[in-house]
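**Q** Any chance you can model this:
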Amino acid sequence: MSSFVAEVLESAGKLEKDDIGTKIGRLARRVEEVKAEVCNTINKKYEEFIPSLTNGEDLVNQVVEISMEIDVLKSQIENEVQRDLRVAVTEFSELKQQLEKSTVLLSVLTQLHEFDTALETHQQALLEKNYTKSAEHLNKAQHNLTLLKSRKGVELKMLQVLGTELIVQKEKLLYHLGEEWKQLAVWNLPPSPAPTKGQILLKYILKPLVVEPSLDVEIELRANDAVLRFSAVKSKCEHELPAKVYLKITTVLEFLYQHLLHIPLWVSVDRKEKQDINLAELLGGMIWEELSEIIIKNCLVFSIPANSSQLELYEEVIKATDKFEEKLKEMQFLQSHSTDLLKYARNVNVHFASKKCQDVIVTARNLMTSEIHNTVQISADSRISIPKLHSLVKVPMISNIVPSDMVTLRSGKQLSSRTMCLPTCRISQSVQTLMELAYQTLSEATSATPECAVQLFYTVRNMFHLFYDVVPTYHKETLQKLPQLAAIHHNNCMYIAHHLITLGHQFQYRLPSPLCNGAATFVDFVPSFRRLGTECFLAQLRTQRDELLERLSTARNLSSLEDADNYSAANKAVRQVIHQLKRLGKVWQDVLPVHIYCKALGTLLNTAITDIVNKITMLEDITSESADGLYALCRTILEEGPGIFQPLLEESKNKTFQEEIPIYVPKWLKFQELMMVLQANLQELVDRWTDGKGPFAAEFSPIEAKNLIRALFQNTERRAAALAEIK
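**A** The predicted structure is shown next:
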């Protein structure tokens, strides 16, 4: 009995297994047939454009029936395997693999159905102008197509057809969106190449609001639309305040966010991933970098304080920038990691130092290239006002105890309070302003941060480097041609050098390390500036000297003055020399320091006198008429020469300098002695020689004295005796 039951059960199990295998085979054939029909339908619909609504519905029904049969078979196989696992492992594994293959094919058919349904829904939504729904179903179709491409066994040609159809439908949606945008969003803009919407917003709306302080934003809400327009307002500011710029930009972006930018760009089909992005985030990624650069260059740069006392007030700008970025983040226009504006605003100390240094250099260069002849008078009492300085370190106290090795110069004698003072002269007003700028900049450095202080200090040094290079080059032609400007430039250089001696010392202990440890000095500039001024003025003196000698060269060597033409030429040359020296005396009057003035004119007059004396002593024959002519010429110089020296505007104060002419003109006494020689007789010359101890011997060498005697007197025994006395 038991064997019979076993046989029956075995036979039933075998029959059931055979039945499942038969069903799986039949399902596999039906799946392949449906797949072929689906591929054929897709090609007809999307490539040959043949309507096939009824066939499509039949295919869907067949897919559903096959899916249900597959589920039933799966259940039977699992039950059968559990009942007799050891016996049917091999048989049912093969059946299950065949069933899984059919399942994969069925999944492909399902995705093809979903793709087709998504496109049809998209087309219907497009007709209804429901563009959001249309875009969502296009996205679903794209997702299905991506899954199909990842499956094996799907025909490449069919995928190409589906991909082409998807692209066509996307372009169709974009076209309809563009047409709707043209009707709903009206841009009254000047003609230009077609830019993107982000570029239009940036170029024609946001940038003008930053650059033009006279523009304001107006919003008009209507029943079916809204209008954003600019209005002109009166503004005296050249650059708008950052807080106002932020308000205008926020107003525009809030308007766009409420009416457009809040719409999601697309919704992910895979619900496990949250990838929703709205238009505000997309727009921010497109224009934020350029917009922040525009705000920095056209607004924040100009809001940087001009002096350190205003740095505390800049905290308001930092707060406004922070609120502005937070507002943009709320609208998702700005990502949390984007803080370009805030970083710039918080680095105000660095930007202040850079701006201050740049402004100082620009101001200094403008002063250096301005006119030199606009002058001011300085004296020993002139002072440059310095603001109250802040001490960063303790200033070392100077001991009142006199070291034992200090030397007292003279008992009861002290240096004058004006020993280290500049003499009275005239300098360019621009140079005085330049020096004041240096003091003011160093004063600000004493209250600035250490980094800023160092930068400001070296900016002042660079300013003097710039003067040394720019002024001689920029004013080269005028300094060579105009004696007065050469004198003023000389004074300018001496004035700067005078202040540079103590400039660093005055601020040294109020500056941070390492400046307070001895690095804050300008003494190294002093020799260069003194040399710069001296060389310029000496070059002008050489030019004037050459002109004097050129005029004297037309005097025909002062020979044969008994001839009227020769005397006239010589007299004209002397008159021109006197005129030139007087002209120089006028242009240098009240400009050069008195001692420089007298020394310069004395040197030039001495050059002219030396040339005249040398010409006369070289004459081989001087007649009495010629001697009288030479004397007359020399008397002209003797009478008018002292009048050249007029360093001061008050005539009465110049007499002292005119009486001291022998101090400034080394050959003046020799010139006077020459005039005595021209009018003396032979015995008087011998008496003035006095064995080499008289005034004649003091000014002339024996050779020069003999040449004069031979030229003035005829060859007689008396002349021979006189020549013998001169040794």
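
**Q** What ranges does this structure have for its strands?
**A** Assigned by DSSP state E, the strands in the chain fall at 215-221, 226-232, 264-266, 277-278, 375-378, 425-428.

**Q** list the contacts for residue 526?
**A** By C-beta atoms under 8 Å, 6 or more residues apart in numbering, residue 526 lies in contact with 497, 500-501. Backbone N, C-alpha and C define where each C-beta goes, glycine included.

**Q** cutoff 10 Å now
**A** Contacts here follow C-beta atoms under 10 Å, 6 or more residues apart in numbering; on that basis residue 526 touches 496-501, 503.

**Q** Show me which of these is closest to residue 121.
**A** residue 503 (83.1 Å; C-beta to C-beta).

**Q** centroid residue for this structure?
**A** The chain has residue 358 as the residue nearest its centroid, 7.5 Å off, counting by C-alpha atoms, centre = their mean.

**Q** now stretch 202-220, how far from the centre of its chain.
**A** Using C-alpha atoms, centre = their mean, to the nearest Å, the distance from the centre of stretch 202-220 to the centre of the chain it belongs to is 26 Å.

**Q** what about it, average pLDDT?
**A** Mean pLDDT, stretch 202-220: 84.

**Q** Pull out the buried positions in that stretch.
**A** 202-207, 209-210, 213, 215-217 (16 or more other C-beta atoms under 10 Å).

**Q** Can you tell me which of those residues comes closest to residue 427?
**A** Using C-beta to C-beta, these come closest to residue 427 at residue 213, 40.8 Å.

**Q** Enumerate every residue touching the closest residue to the closest one other than its chain neighbours.
**A** Closest residue in space to residue 213, ignoring its immediate chain neighbours: residue 240 at 3.9 Å, by C-beta to C-beta, 6 or more residues apart in numbering. By C-beta under 10 Å, 6+ apart, residue 240 lies in contact with 209-215, 246-248, 298-299, 302-303.

**Q** So what does residue 240 look like in phi/psi?
**A** The phi and psi values for residue 240, taken as degrees, to the nearest 10, are phi -70, psi 150.

**Q** Same question for residue 212.
**A** Per degrees, to the nearest 10, the backbone of residue 212 is at phi -100, psi 110.

**Q** correct me, but it touches residue 235?
**A** Yes. The pair formed by residue 212 and residue 235 meets the contact definition of C-beta atoms under 10 Å, at 8.6 Å.

**Q** Would you reformat the contacts of residue 240 as CSV and include distance to residue 112?
**A** Supplementary listing: those in CSV, determined by distance: C-beta to C-beta, whole Å:
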residue, distance to residue 112
209, 52
210, 53
211, 56
212, 58
213, 62
214, 62
215, 56
246, 53
247, 55
248, 53
298, 56
299, 57
302, 63
303, 62
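
**Q** and of the residues you listed, the nearest to residue 371?
**A** Taking the contacts of residue 240 together and measuring to residue 371 by C-beta to C-beta, the closest member is residue 302, at 29.6 Å.

**Q** Please tell me how far that closest one sits from residue 251.
**A** Counting by C-beta to C-beta, to the nearest Å, the separation of residue 302 from residue 251 is 22 Å.

**Q** wait, isn't residue 607 in contact with residue 550?
**A** No. Using C-beta under 10 Å, residue 607 is not in contact with residue 550, being 11.8 Å away.

**Q** So between the two, which is more surrounded?
**A** For residue 607 versus residue 550, neighbours defined as other C-beta atoms under 10 Å are more numerous around residue 607 (20 against 11).

**Q** Please report how far the residue nearest to the more buried one when sequence neighbours are not counted lies from residue 513.
**A** With sequence-adjacent residues excluded and distances taken as C-beta to C-beta, 6+ apart, residue 607 is closest to residue 545, at 5.2 Å. Noted for residue 545: a distance of 52 Å to residue 513, by C-beta to C-beta.

**Q** who has more neighbours, those two?
**A** Shown here are residue 545 and residue 513; by other C-beta under 10 Å, residue 545 has more neighbours (15 against 11).

**Q** give me phi/psi at the nearest residue to residue 311 once chain neighbours are set aside?
**A** If the residues on either side of it in the chain are set aside, residue 311 comes closest to residue 305, at 5.4 Å by C-beta to C-beta, 6+ apart. Main-chain torsions, residue 305, degrees, to the nearest 10: phi -60, psi 150.

**Q** ok, now which ones touch residue 370?
**A** 428-431, 433-434, 474.

**Q** cutoff 7 Å now
**A** residue 430 (C-beta atoms under 7 Å, 6 or more residues apart in numbering).

**Q** quick one on the thing from earlier: okay, the strands of the chain, which one's buried deepest?
**A** Comparing these by mean neighbour count (mean count of other C-beta atoms under 10 Å), strand 425-428 comes out on top with a mean of 24.

**Q** What strands line up against it, and which way round?
**A** Strand 425-428 sits in its sheet next to strand 375-378 (antiparallel), going by DSSP bridges.

**Q** Please work out the average pLDDT along the strand it pairs with.
**A** The average pLDDT within strand 375-378 is 93.

**Q** Next: stretch 692-707.
**A** Rounded mean pLDDT across stretch 692-707 is 92.

**Q** shift numbering so it begins at 28
**A** From this message on, residue numbering opens at 28, which makes the last subject stretch 719-734.

**Q** List the buried residues of it.
**A** 723-724, 726-727, 731-734.

**Q** Return the subset of these lying in helices.
**A** Using DSSP state H, 723-724, 726, 731-734 are the members of the buried residues of stretch 719-734 that sit in helices.

**Q** Would you check how far apart the residue lying closest to residue 552 once chain neighbours are set aside and residue 498 are?
**A** Nearest non-adjacent residue to residue 552, counting by C-beta to C-beta, 6+ apart: residue 527, 5.0 Å away. To residue 498, residue 527 is 15 Å away according to C-beta to C-beta.

**Q** Run through the residues that contact the residue lying closest to residue 141 once chain neighbours are set aside.
**A** Excluding its sequence neighbours, the residue lying closest to residue 141 (C-beta to C-beta, 6+ apart) is residue 171, at 5.1 Å. By C-beta under 7 Å, 6+ apart, residue 171 lies in contact with 138, 141-142, 145.

**Q** try 6 Å this time
**A** Contact analysis of residue 171 by C-beta atoms under 6 Å, 6 or more residues apart in numbering lists 138, 141-142.

**Q** Who wins on neighbours among the residues you listed?
**A** Going by other C-beta under 10 Å, residue 142 tops the contacts of residue 171 with 22 neighbours.
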